[in-house]
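Asker: Return atomic coordinates for the entry below.
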Amino acid sequence: MASATYLKRRDELETYFDRTAATNWARLTSDAPVSGIRATVRAGRDAMRDTLLSWLPADLTGCRILDAGCGTGQFAIEAARLGADVVAVDLSQTLVDLAAVRATELNLKGSIRWAVGDMFDPGEGSFDHVVAMDSLIHYQIDDFVTGVRRLAALADKTVLFTFAPRTPALAVMHSVGKLFPRSDRSPAICPHTAKEVGDRLADWRLLRSKKIKSGFYISQALELAA
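Answerer: Numbers count the residues shown, from 1 in each chain. Predicted structure coming up:
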């Protein structure tokens, strides 16, 4: 059963990504011009997506992948380009609709099934690989760890996920972010130390880890064996 803190934050994220910031996220995840700060975030997200894709087999033909918290579908689309059959789930109907439109314009080797709802309950059985790129970063440590474990339970081979590493630089960025207009702020990111995450998931075998830093984007990726 999901905790009250998880449900509260999930509802906040749904409101933010489905309504408050849907237009901004659509622009950020396109090739449209953006401000300097958002350009660093875009570059960081591109680098993180490339990193996670590089941790998967080069040929994904026949692989089932869950893109947990797919947003506008960039990861799902790239995985499908490589032949994967992807289930892409997100809370935001608006972003999933946009992702589906973008995907129809491309010649994909694999397939994508878009779904709106909780990323932990896709109702699709198990997957070869489960990927959660920056979709757990808004949760406190207990809910974060529970989320990773729930996703890992769906994976037959690996689970790939990211967290916001607690660093002095990230703390400064969060302080600066508070200067943005309230309507332009996302729900707070919850940073965790690498040790904290590692200790709480010590019963899982860590395969790889990499931190990506690009201006206002700082995120650390982990790959665990299922």
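Asker: Which parts of the chain are helices?
Answerer: Along the chain, counting by DSSP state H, helices occupy 4-15, 22-28, 36-54, 74-81, 93-104, 141-152, 168-177, 194-200.
Asker: quick one: least confident helix or strand in this protein?
Answerer: helix 168-177 (a mean of 58; mean pLDDT, DSSP states H and E).
Asker: distance of V87 from I189?
Answerer: Applying C-beta to C-beta, to the nearest Å, the value for V87 to I189 is 26 Å. Every residue, glycine included, has its C-beta placed from N, CA and C.
Asker: Same question for A153.
Answerer: A153 sits 25 Å away from I189, going by C-beta to C-beta.
Asker: Please say which of those two ends up with more neighbours.
Answerer: Shown here are A153 and I189; by other C-beta atoms under 10 Å, I189 has more neighbours (17 against 12).
Asker: for the protein, which spans come out with low pLDDT?
Answerer: Scanning the chain for pLDDT under 70 picks out the ranges 168-186.
Asker: 80 instead, please
Answerer: Counting by pLDDT under 80, the chain contains low-confidence ranges at 1, 122, 167-186.
Asker: Now do the contacts for the most centrally placed residue in the chain.
Answerer: Centroid-nearest residue in the chain, with C-alpha atoms, centre = their mean: M133, separated by 2.4 Å. The contact partners of M133, taken as C-beta atoms under 8 Å, 6 or more residues apart in numbering, are R45, M48, R49, L52, D67, G69, F75, L160, F161, T162, A221.
Asker: T51: what's it in contact with?
Answerer: Contacts of T51 by C-beta under 8 Å, 6+ apart are K210, I212, A221.
Asker: and A115, what are its bridge partners?
Answerer: V89 (DSSP bridges).
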